[in-house]
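**Student:** show me the folded form of this:
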Amino acid sequence: MPKPVFQRLREEKSTFRDSEERVADYILAHAGEVVNLPITALAERIGVSEATIVRMCKKIGFHGFQELKINLALETVSPIQTVHEEISEQDDVGTIMRKVAAANTHALQATLDVLSEAELKRAVDRLYEASSIQFYGVGGSGPVAMDAAHKFMKTGKPVTPYTDPHMQAMAASLVEPGDVVVAISHSGSSRDIIDALAIARSRGATTIGITHYARSPIDKVVDIKLGTSSYETLYRMESTSSRIAQLAIIDALFIGVCLRDPERAVRNIVATREAIAPKRF
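**Tutor:** Next up, the predicted model:
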């Protein structure tokens, strides 16, 4: 059975550099806080580099900070909370529904509190002016990227969703100035997404991130950040209420773009509805 995170940190501390030891000491003293932080925010709080945190994680047998957080969370929170923050094992299905609805409502309101209206307007401007639009998402964010592409197709622009990391990298390598790449990542720490955005940005495309409002590695590769907020913590392997906030932002972006040219928007929506009308009874 693998050793607990706390045990690994204590046993290996003698082998750490001073900066790595500071990371270990902070995690040991603030475990409950650490499971909710992206690597960038943690690095700022401790006063070390992100590379130092990753290096320390590898020294105790983890691939990186995210794997350490997941294991740390399993040791410090109730196992059922890895499914949903507010659920207890005694809840019946009606209580579950009410708690999920309440969490989703909170996520929407909390997102309104942290989302920059100025950045939202900038995103609408770039999307309206875009030559083409690509949406990137992996894992649970993949369906959100697909939903975004489904909506933005009605703008009449070339729109493509990519949920495979290799396809994202290849597509990013072919974008040009005037194109827009929108990435969805709750944690803001997905290596595949960040790598693809870096490629797209180097090609001159505008990069937009729909991600948690806290500072994270994705901040370094996006021109526009649209922050979300939700109950769920960042160690979570599955997104729930954050997905609702992401979808709301995408809806706002789509409507904002449509309102720049309402006649064209209505014409395109009518055309797409007529195209699928024969497919319904």
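
**Student:** per-residue pLDDT, E238?
**Tutor:** Each residue has a pLDDT score; the one for E238 is 48.

**Student:** could you check the pLDDT of the closest residue to A214 other than its chain neighbours?
**Tutor:** Spatial nearest neighbour of A214, excluding adjacent residues (Cβ to Cβ, 6 or more residues apart in numbering): A41 at 5.0 Å. From N, CA and C alone the C-beta is placed, and that goes for glycine too. Note for A41: predicted pLDDT of 89.

**Student:** what about the helices in the stretch 151-281 of the chain?
**Tutor:** In chain order, the stretch 151-281 of the chain shows helices spanning 165-172, 191-202, 241-258, 262-276, with DSSP state H, counting those that start in this stretch as the criterion.

**Student:** nearest to G47, out of the ones you listed?
**Tutor:** In terms of Cβ to Cβ, the element of those nearest to G47 is helix 191-202, at 22.7 Å.

**Student:** which parts of the closest one are buried?
**Tutor:** Using 16 or more other Cβ atoms under 10 Å as the test for burial, helix 191-202 gives D192, I193, I194, A196, L197, A198, I199, A200, R201.

**Student:** next: stretch 34-47.
**Tutor:** Under 16+ other Cβ under 10 Å, the buried positions of stretch 34-47 are V34, V35, N36, L37, P38, I39, T40, A41, L42, A43, I46.

**Student:** and the nearest residue to the last one once chain neighbours are set aside, how far from M56?
**Tutor:** I take that to be I46. Take I46 and drop its neighbours on the chain: the residue closest to it by Cβ to Cβ, 6+ apart is Y26, 5.1 Å away. The gap separating Y26 from M56 is 10 Å, by Cβ to Cβ, to the nearest Å.

**Student:** those two - which one has more neighbours?
**Tutor:** Under the criterion of other Cβ atoms under 10 Å, the comparison of Y26 against M56 puts M56 first, with 26 against 18.

**Student:** just checking, the more buried one touches D18?
**Tutor:** No - with contact defined as Cβ atoms under 8 Å, M56 does not reach D18; the gap is 11.4 Å.

**Student:** ok, back up a step: ok, which of the helices of the stretch 151-281 of the chain comes nearest A107?
**Tutor:** In terms of Cβ to Cβ, the element of those nearest to A107 is helix 241-258, at 3.9 Å.

**Student:** and the angle for the closest one with helix 262-276?
**Tutor:** Helix 241-258 and helix 262-276 meet at an angle of 120 degrees, taking axes from the mean of the first three to the mean of the last three Cα atoms, to 10 degrees as the criterion.

**Student:** shaky segments in this protein?
**Tutor:** Screening the chain residue by residue with the criterion pLDDT under 70, one finds the ranges 1, 77-87, 230-239.

**Student:** what segments of it are strands?
**Tutor:** According to DSSP state E, the chain carries its strands in the segments 133-136, 159-162, 180-185, 206-212, 224-228.

**Student:** make JSON lines out of these and add mean neighbour count and distance to A172.
**Tutor:** Converted to JSON lines, the strands of the chain look like this (neighbours: other Cβ atoms under 10 Å; distance: least, Cβ to Cβ, whole Å):
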{"stretch": "strand 133-136", "mean neighbour count": "28", "distance to A172": "8"}
{"stretch": "strand 159-162", "mean neighbour count": "21", "distance to A172": "9"}
{"stretch": "strand 180-185", "mean neighbour count": "30", "distance to A172": "7"}
{"stretch": "strand 206-212", "mean neighbour count": "27", "distance to A172": "9"}
{"stretch": "strand 224-228", "mean neighbour count": "23", "distance to A172": "16"}
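
**Student:** so for the longest helix anywhere in the chain, what gets flagged as buried?
**Tutor:** Criterion DSSP state H: the longest helix present in the chain is helix 93-114. Buried residues in helix 93-114, counting neighbours by 16+ other Cβ under 10 Å, are found at K99, V100, A103, N104, H106, A107, L108, A110, T111.

**Student:** break this structure into its domains for me.
**Tutor:** If you go by automatic domain parsing, the domain ranges for the chain are 5-77, 97-279.

**Student:** distance to S88 added to these, as TSV?
**Tutor:** Converted to TSV, the domains of the chain look like this (distance: least, Cβ to Cβ, whole Å):
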stretch	distance to S88
domain 5-77	12
domain 97-279	9
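
**Student:** about what we covered before: for D223, find the nearest of the helices of the stretch 151-281 of the chain.
**Tutor:** When the helices of the stretch 151-281 of the chain are compared for distance to D223 using Cβ to Cβ, the nearest one is helix 191-202, at 7.2 Å.
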